[in-house]
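>>> I'll drop the sequence and a predicted model, then ask my questions.
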Amino acid sequence: MIIYDCARAGKKIELLRENPRVCLSYACKPRREEYEFTAEYESTVVFGSAIELINKDEKTDALRELCQRNTPTNINAFDGAIEQSLAHTAVWKSKAI
């Protein structure tokens with residue numbers, strides 16, 4: 001399951017609502033030796049469907065999971081941040097097919 005957040009309006013949101021099929025890609029920071037032209041990196045591509053989370057509790061739980069994974073040292077500020085931003089944040093999840 002891939003969770004992502006974004007603005008509640010815009011071209012991306014229009015397209016996802018019109019056709020929820022997605023292709024997501026991710027690459028980590030490349031490793032490169034100083035005097036070489038080749039970079040080593042890991043990447044992945046996932047095909048799936050996007051689902052918008054509408055329910056406030058589902059959105060909060062998904063964002064908490066995302067923040068615990070990406071910013072664990074700042075999770076104590078999560079409740080205050082969610083209070084300020086949840087109303088204008090869209091949350092989507094995608095499941096690989």
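Done, it's in.

>>> residue furthest from the geometric center of this structure?
residue 35 (34.5 Å; C-alpha atoms, centre = their mean).

>>> just read off the phi/psi values of it.
phi -110, psi 20 (degrees, to the nearest 10).

>>> just the pLDDT for it.
With respect to pLDDT, residue 35 scores 82.

>>> can you check the one 3 residues further on too?
Reported pLDDT at residue 38 in the predicted model: 82.

>>> count of neighbours near it?
Other residues within reach of residue 38, judged by other C-beta atoms under 10 Å, total 7. From N, CA and C alone the C-beta is placed, and that goes for glycine too.

>>> name the SS class of it, please.
Using DSSP: H, G, I helix; E, B strand; the rest coil, the three-state assignment for residue 38 comes out as coil.

>>> isn't it up against residue 32?
Yes. Using C-beta atoms under 8 Å, residue 38 is in contact with residue 32, at 7.2 Å.

>>> counting by contacts, list what the biggest strand by length in the chain packs against.
The strand that spans the most residues within the chain, counting by DSSP state E, is strand 43-53. With contacts taken as 3 or more C-beta pairs under 8 Å, 6 or more residues apart in numbering; DSSP states H and E, strand 43-53 sits against helix 11-18, strand 21-27, strand 89-96.

>>> what about 7 Å?
strand 21-27, strand 89-96 (3 or more C-beta pairs under 7 Å, 6 or more residues apart in numbering; DSSP states H and E).
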